[in-house]
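[1] fold the following.
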Amino acid sequence: MPDSPDGGGDALQDTATANATSGAAGVRRPRSGPRWVVFLGLAGTVLALDQLTKAWILANVDPARPVAVVGDLVRLVLSRNTGALFGLFRDNATLFGLVSIVVIGAIAWYHARAPRSALLSTTLGLLLGGAIGNLIDRIRLGFVVDFVDAGIGDLRWYTFNVADAAISAALLLLVLLALRPSLAGEAEPVGRTPDPGRREPHPGG
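    Have a look, this model is predicted:
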């Protein structure tokens, strides 16, 4: 007895739907979204450590008397930085304050649209916390408090703080991600699902 017209139409529609689903299977789909807990949690931790250490330095370290931590290799000093990272471009605190606001907005904007990646969220969280920490100094004090002085004898590295260290670590991670994009985990493979409407060819034709 021949199939009814309605039954045949339903079968064709089911087959088309199944084929479309099968065609989409196996495609690498973007992950659901960024890791906000990692991003904001790490940024908040960096910010808290940065501001607490700066407050302690301002209250306890005399600018004229460095405090030895590891002999002359690592010392605590009180340095007022009116420039950028590591004391570069001094006497431009206002300009760098404005730049910091733009950078902070750009970091949050990018993270909101970034793939779901713990490493990328860690990188951007370090960057955000460091940028906000130094911005608070520029707004509140008119300069950034730097206090870690490292080096041997007269050969010294730029004086820095917790925020600078976080930003430097984030920049290194960004370079790593640029060299190895796969570490960002931009997409995850989706397993191929069976096609219920597909008929395997009969051996006899």
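
[2] quick one: contacts for residue 43?
    Residues near residue 43 by Cβ atoms under 8 Å, 6 or more residues apart in numbering: 125-126, 128-129, 132. From N, CA and C alone the C-beta is placed, and that goes for glycine too.

[3] which of the residues you listed are buried, as a PyMOL select command?
    In PyMOL, a selection of the buried entries from the contacts of residue 43 looks like this (16 or more other Cβ atoms under 10 Å):
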select buried, resi 125+126+128+129+132
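
[4] dump the contacts of residue 43 into JSON lines; add distance to residue 152 and pLDDT as well.
    Listed next are these as JSON lines, based on distance: Cβ to Cβ, whole Å; pLDDT from 0 to 100:
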{"residue": "125", "distance to residue 152": "33", "pLDDT": "97"}
{"residue": "126", "distance to residue 152": "28", "pLDDT": "97"}
{"residue": "128", "distance to residue 152": "33", "pLDDT": "97"}
{"residue": "129", "distance to residue 152": "30", "pLDDT": "97"}
{"residue": "132", "distance to residue 152": "33", "pLDDT": "96"}
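
[5] reformat the contacts of residue 43 as CSV; add secondary structure and distance to residue 52.
    Rendered in CSV, the data for these read as follows (DSSP: H, G, I helix; E, B strand; the rest coil; distance: Cβ to Cβ, whole Å):
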residue, secondary structure, distance to residue 52
125, helix, 18
126, helix, 17
128, helix, 18
129, helix, 13
132, helix, 14
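
[6] would you turn the contacts of residue 43 into CSV with distance to residue 146?
    Converted to CSV, the contacts of residue 43 look like this (distance: Cβ to Cβ, whole Å):
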residue, distance to residue 146
125, 22
126, 18
128, 20
129, 16
132, 16
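
[7] kindly indicate which of the contacts of residue 43 lies nearest residue 50.
    residue 129 (7.1 Å; Cβ to Cβ).

[8] so how far is residue 107 from the closest one?
    Residue 129 sits 10 Å away from residue 107, going by Cβ to Cβ, to the nearest Å.

[9] ok, and what's touching the helix or strand harbouring residue 106?
    Per DSSP states H and E: residue 106 is located in helix 93-112. With contact meaning Cβ under 8 Å, 6+ apart, helix 93-112 is reached by 34, 36, 39, 82-84, 89, 120-121, 124, 127-128, 131-132, 134-135, 138-139, 142-144.

[10] thinking again about what came up before, closest one of the contacts of residue 43 to residue 157?
    Scanning those for proximity to residue 157, where the rule is Cβ to Cβ, the winner is residue 126, at 19.4 Å.

[11] just to check, the closest one is in contact with residue 166?
    Yes. Counting by Cβ atoms under 8 Å, residue 126 touches residue 166, with 4.4 Å between them.

[12] which neighbours do those two have in common?
    Taking Cβ under 8 Å, 6+ apart as the criterion, residue 126 and residue 166 both touch residue 46.

[13] orientation of the longest helix anywhere in the chain relative to helix 93-112 in degrees?
    Scanning the chain for the helix with the most residues, using DSSP state H, yields helix 36-60. On the basis of axes from the mean of the first three to the mean of the last three Cα atoms, to 10 degrees, helix 36-60 is oriented at 160 degrees to helix 93-112.

[14] list the contacts of the helix or strand just after helix 36-60.
    Later in the chain than helix 36-60, the nearest helix or strand by DSSP H and E is strand 67-70. Contact partners of strand 67-70, identified using Cβ under 8 Å, 6+ apart, comprise 61, 74-77.
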